[in-house]
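Colleague: sequence and predicted structure, then a few things I'm wondering about:
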Amino acid sequence: MTRHLTRRQLVGLTGAAGAALLLGRGRLPGLPGAVPAADAAVACVLTPEKTEGPYFVDERLLRGDIRTDPSDGSVSGGVPLRLRLVVLATDAGCAPVVGALVDVWHADAAGRYSDEAANGTVGRRFLRGYQVTDADGAVEFTTVYPGWYRGRTVHIHFKVRTLDGSTVTSAFTSQIFFEEAVTDAVMARSPYATRGTPDTRNADDGIHGSDGSSLTIDLDADGAGYSGTFTVGVTGVPASHVGGAGGGSGTGTSLGTITSVAAARTAPGARVVRVGVRLGATTVVDASVRRAGRVLGHRRRVVAAGDRVIGVPVRASAAAGAANAVVRFERSGRTQTLRRGVRIPRRVAS
């Protein structure tokens, strides 16, 4: 697995249902203008690699709920976070990576890593664990929102490895970042609030860097906490771990791609995000515009095969600035979710 560049992550999987409206090719009813030109969007792309850092410990703790410290049974406090990772082989038609070990580890609400002398936690093993990817290339962890420590923005580490017996045959390491607005909301809650504001933001974090935005996960409110799905695109995985090549039953076939995303003012006081998609068959397309877990606009349609555009009206109350277009494709009981950045223009009063 090598260095990567990405512009999308999955944010979740849901069931398939839909409305019964087909959109025509090239133009969206009621909206002026043609489909914007495609700008190199693909179904899945390589993910940026980031440093392992000093705090990885190969504990080999196979578990989904990593909040508990097996040394004493204590549970790490914090805002609940349900994290799903989906690993895809970008050099094998975006097939799922099956039977891979996916480790995650991160700081607790007090900014400490477990089993680290520097943190005074030797022998403890909270907020660490691994899962093995299933036929869809997926793993899921129950944890808490990470805390901060000096010099770093809030983040989660993860590592993907394939093994032949005890021999590591491929390895990839990176980090997941969070939108600042979500982090600010979490840090105002207990038990984080006693530590004050993080001293480093995403833009000031040297590891986050210029490509860190492509490693930022979209989170949705989930009870008292959050949940989200993050897609990891890797390469160089042995064929035995590629779905459909003897390693599992998943096919990894793309349901659709995003070809373009553009925001515009359509009338005084009105704005729309036009999302270009490319489909191989009639598909339910659920498109939304989101910022910091809030939905700024939403449209769901059944869309015919081909190159299409879906217009997502933006709420009048939405402030100008960066947001994300999140598109979920649903077909034949399968789902695929892609994400692209977009900038919402300032609203002009009528």
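Modeller: Alright, I've got the coordinates.
Colleague: and Thr282, how many neighbours does it have?
Modeller: 14 (other CB atoms under 10 Å). (Glycine included, C-beta is placed from N, CA and C.)
Colleague: how near is Arg340 to Arg274?
Modeller: Arg340 sits 12 Å away from Arg274, going by CB to CB, to the nearest Å.
Colleague: who has more neighbours, those two?
Modeller: Set side by side, Arg340 and Arg274 show more neighbours around Arg274, with 23 against 19, by other CB under 10 Å.
Colleague: I figured that one hits Gly311, correct?
Modeller: Yes: look at Arg274 against Gly311 with CB atoms under 8 Å: they come within range, at 5.3 Å.
Colleague: in its sheet, what does the helix or strand hosting Val272 sit against?
Modeller: Here Val272, judged by DSSP states H and E, is contained in strand 270-279. According to DSSP bridges, strand 270-279 forms sheet pairs with strand 256-267 (antiparallel), strand 306-314 (antiparallel).
Colleague: in what helix or strand does Arg347 lie?
Modeller: Applying DSSP H and E, one finds Arg347 in no helix or strand.
Colleague: got the contact list for the residue nearest to Thr200 when sequence neighbours are not counted?
Modeller: Of all residues not flanking Thr200 in the chain, Thr153 sits nearest, at 5.0 Å (CB to CB, 6 or more residues apart in numbering). By CB atoms under 8 Å, 6 or more residues apart in numbering, Thr153 lies in contact with 177, 198, 200-202, 204-205, 208.
Colleague: which member of those is positioned nearest Gly120?
Modeller: Of all the contacts of Thr153, Gly120 sits closest to Pro198, with 20.8 Å by CB to CB.
Colleague: how far away is that closest one from Ser260?
Modeller: For Pro198, the distance to Ser260 equals 35 Å [CB to CB].
Colleague: again with Phe230
Modeller: Distance from Phe230 to Ser260, by CB to CB: 23 Å.
Colleague: more neighbours: the two, which one.
Modeller: Neighbour count, other CB under 10 Å: between Phe230 and Ser260, Phe230 has more, with 23 against 20.
Colleague: so that one touches Arg82, yeah?
Modeller: No: counting by CB under 8 Å, Arg82 is not a contact partner of Phe230; they are 11.6 Å apart.
Colleague: quick check: which of the strands paired with strand 270-279 is nearest to Val86?
Modeller: strand 256-267 (15.9 Å).
Colleague: tell me how far Ala188 lies from Arg112.
Modeller: In terms of CB to CB, Ala188 sits 20 Å off from Arg112.
Colleague: quick check: phi and psi on Gly212?
Modeller: Torsion angles at Gly212 (phi, psi; degrees, to the nearest 10) stand at phi -60, psi -30.
Colleague: what sits against it?
Modeller: So Gly212 contacts 48, 177, 202, 205 (CB under 8 Å, 6+ apart).
Colleague: which one of these is nearest to Trp148?
Modeller: Asp205 (10.5 Å).
Colleague: name the nearest residue to the closest one, ignoring sequence neighbours.
Modeller: Closest to Asp205 by CB to CB, 6+ apart is Thr153, at 4.0 Å.
Colleague: what about the strands in the stretch 51-200 of the chain?
Modeller: Assigned by DSSP state E, counting those that start in this stretch, the strands in the stretch 51-200 of the chain fall at 80-89, 95-96, 101-105, 128-132, 138-144, 155-164, 167-177.
Colleague: wait, Gly276 sits on Thr257?
Modeller: No: at 9.2 Å, Gly276 does not count as touching Thr257 under the criterion of CB under 8 Å.
Colleague: measure the residue nearest to Thr200 to Asp307 for me?
Modeller: For Thr153, the distance to Asp307 - CB to CB - is 38 Å.
Colleague: before we move on, what about Leu101?
Modeller: Taken as CB to CB, the span from Leu101 to Asp307 is 39 Å.
Colleague: so the two - more neighbours on which side?
Modeller: Leu101 (19 against 15).
Colleague: can you pull the contacts of that one?
Modeller: Counted by CB under 8 Å, 6+ apart, Leu101 has contacts 130-132, 159-163.
Colleague: from the residues you listed, which would you call buried?
Modeller: The neighbour-count test (16 or more other CB atoms under 10 Å) marks 130-131, 159-162 as buried among these.
Colleague: now, the most widely separated pair of those residues?
Modeller: Maximum distance among these (CB to CB): 13.9 Å, for Gln131 and Thr162.
Colleague: do you know how far Ala171 is from Pro238?
Modeller: Counting by CB to CB, the gap from Ala171 to Pro238 is 12 Å.
Colleague: shared neighbours, the two?
Modeller: Contacts common to Ala171 and Pro238, judged by CB under 8 Å, 6+ apart, are Thr162.
Colleague: export the strands of the stretch 51-200 of the chain to TSV and append columns for mean pLDDT and distance to Ser214.
Modeller: Below are the strands of the stretch 51-200 of the chain laid out as TSV (pLDDT from 0 to 100; distance: least, CB to CB, whole Å):
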stretch	mean pLDDT	distance to Ser214
strand 80-89	94	15
strand 95-96	86	20
strand 101-105	97	18
strand 128-132	95	23
strand 138-144	95	20
strand 155-164	96	14
strand 167-177	96	9
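Colleague: for Ser74, find the nearest of these.
Modeller: That would be strand 138-144 among the strands of the stretch 51-200 of the chain, by CB to CB, at 12.8 Å.
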